[in-house]
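[1] What follows is a predicted structure for the sequence shown.
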Amino acid sequence: MKRRQLAIGLGGLVAGLGTRPAFAQTAAPYPAKPITLVASFSGMTDQMGRVLGEAISAKTGTPVVVDTKAGASGIIAAEYVLKSPPDGYVLLHTTNTTHAANQSLFKTLPYDYIKDFIPVTGVLRGSLMMVASSASPAKTISDLTEMARKQPGKLSFGWGASAVRAAVELYRQTASLDFVSVPYKTNAQAVVDLIGGRLDFMALDALTAAPHIASGRMRALAVTGEKRMPGYPAVPTMQESGIPGYSMTFWQGIYAPKGTPDAVIKRAAALLVDAINSPQARKFMATVSVDPFPISGDELMKFQQAEAVKWRAIVAAAGIQPE
C-alpha cells in the first residue's frame, strides 16, 4: 500500500514537473502591456514619439504612452529610464544631447551613455536653423556676422539644448566671432526672449521655429546642415551664407536600459523601424524637414561614439568648462 501511494505521489510530482517547464518557457509576446516612450525633450522629440506610438499601437493594438521629462539637458529622462525595469516597456527617446554632447558638457553624469543603455534604433536626423526676431536688423547670416564683428561680445544667443548651443558655438569658431551665451531650461523659454527682443539670435529646429516664422515674428537666416530644408527652399545653408566648412546636424534615437533581453530589443527595434517607415511618420518628418534615420542598434552605438568625439572637439575649441 505504501509503495503504491509512493508511486502515485512520485507520478504526480513528475507530471507536475513535466508541465511547469512548458509553462515557464511560454513568455508573453512583446508587447503584452503598454509601452512608455520617455521623451528627453519637448517639441520635436515629444511629437515624433507620439507619431511613432500611434503607428505601433495601430499595428499591435498595444497602447504607447509618451511621457515627456524635459529639463537638465535630457538628464532627468535618461536617469528615469535607467532606473526603470529592463523589460522593454520603458524606453528612452532622446537626442544627441544625452548621448554625445553631455559627455563633454558635464563633469559627472548619473549615467554612462555606453554602458548603461542599449541602442535600439536611430529615429531621425536633421538640421537646425539660425533664426532672429523679425525686428532684428539682421536679415541674413552675412548681416549677423557683420554685426557681430562690429560689436564683439555684445550679441547674445539663447539655448535650452546642447545641439542648439553647439550650432552657435561652431558658428562662433568658424567665423572667429564672440557672442554672449544665455542658458535656458528649454528652447521654448529662449524663444520667448528672442521674440521679445531680449536675445539677438539662436539656433532652432524647424518644428519649433515654423509657427513663429509663419506669423512673421521670427526670421530664418540660414540652415546649419549641408543642404537646404525641403520646407524652406529659399533659406540658404551656412556654407552658402559665407561660413565655409560649417555643418551641424542633430539626431534622435531610442534606447533601452541595460539588462533588457536581446529578444525584446530585437522585437522593439522591428516595431520602431516599421513605425519610422510608416506613412504618418514619413509625412511628419517631411513637414518638419528632417530625414528618417532608422539605423540598427550596433550602427547607432558606433555613430554616437563618433559624434561624442566631434562634440568634444567643439566644446574644447569653444573653451566651455564642464559644469
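    Sure thing, it's come through. Numbers count the residues shown, from 1 in each chain.
[2] So what's the residue count around the closest residue to residue 291 other than its chain neighbours?
    Nearest residue to residue 291, sequence neighbours excluded (C-beta to C-beta, 6 or more residues apart in numbering): residue 125, at 5.3 Å. Glycine gets a C-beta too; all of them are placed from N, C-alpha and C. For residue 125, the neighbour count with other C-beta atoms under 10 Å is 19.
[3] after the host helix or strand of residue 125 comes which helix or strand?
    Using DSSP states H and E, residue 125 maps to strand 117-127. Later in the chain than strand 117-127, the nearest helix or strand by DSSP H and E is strand 129-133.
[4] What residues of that following strand count as buried?
    129-133 (16 or more other C-beta atoms under 10 Å).
[5] what's next to it, contact-wise?
    138, 141, 144, 167-168, 171, 194-197, 199-206, 209, 212-213, 217-224, 229, 232, 235, 238 (C-beta atoms under 8 Å, 6 or more residues apart in numbering).
[6] Among the residues you listed, name the ones in strands.
    Residues of the contacts of strand 129-133 located in strands (DSSP state E): 202-204, 218-223.
[7] ok, back up a step: quick one: which of the buried residues of strand 129-133 is nearest to residue 315?
    Using C-beta to C-beta, residue 130 is the member of the buried residues of strand 129-133 that sits closest to residue 315, with 19.5 Å.
[8] Need the pLDDT of the closest one.
    pLDDT recorded at residue 130 is 98.
[9] give me every residue that touches residue 122.
    Counting by C-beta under 8 Å, 6+ apart, residue 122 makes contact with 251-253, 293-295, 299-300, 303.
[10] quick one on the thing from earlier: now the strand holding residue 125 and strand 218-223, what's the angle there?
    Here the directions of strand 117-127 and strand 218-223 differ by 100 degrees (axes from the mean of the first three to the mean of the last three C-alpha atoms, to 10 degrees).
[11] tell me which residues of strand 117-127 are tucked away?
    117-127.
[12] What of stretch 232-245?
    232, 235-241, 243.
[13] Leaving out sequence neighbours, find the closest residue to residue 186.
    residue 160 (4.2 Å).
[14] In space, not sequence, find me the middle residue of this structure.
    With distances taken as C-alpha atoms, centre = their mean, residue 95 lies nearest the centre of the chain, 2.1 Å away.
[15] Is the nearest residue to it once chain neighbours are set aside in a helix, a strand, or coil?
    The shortest distance from residue 95 to any non-neighbouring residue, by C-beta to C-beta, 6+ apart, is to residue 252 (5.2 Å). Judged by DSSP: H, G, I helix; E, B strand; the rest coil, the three-state class of residue 252 is strand.
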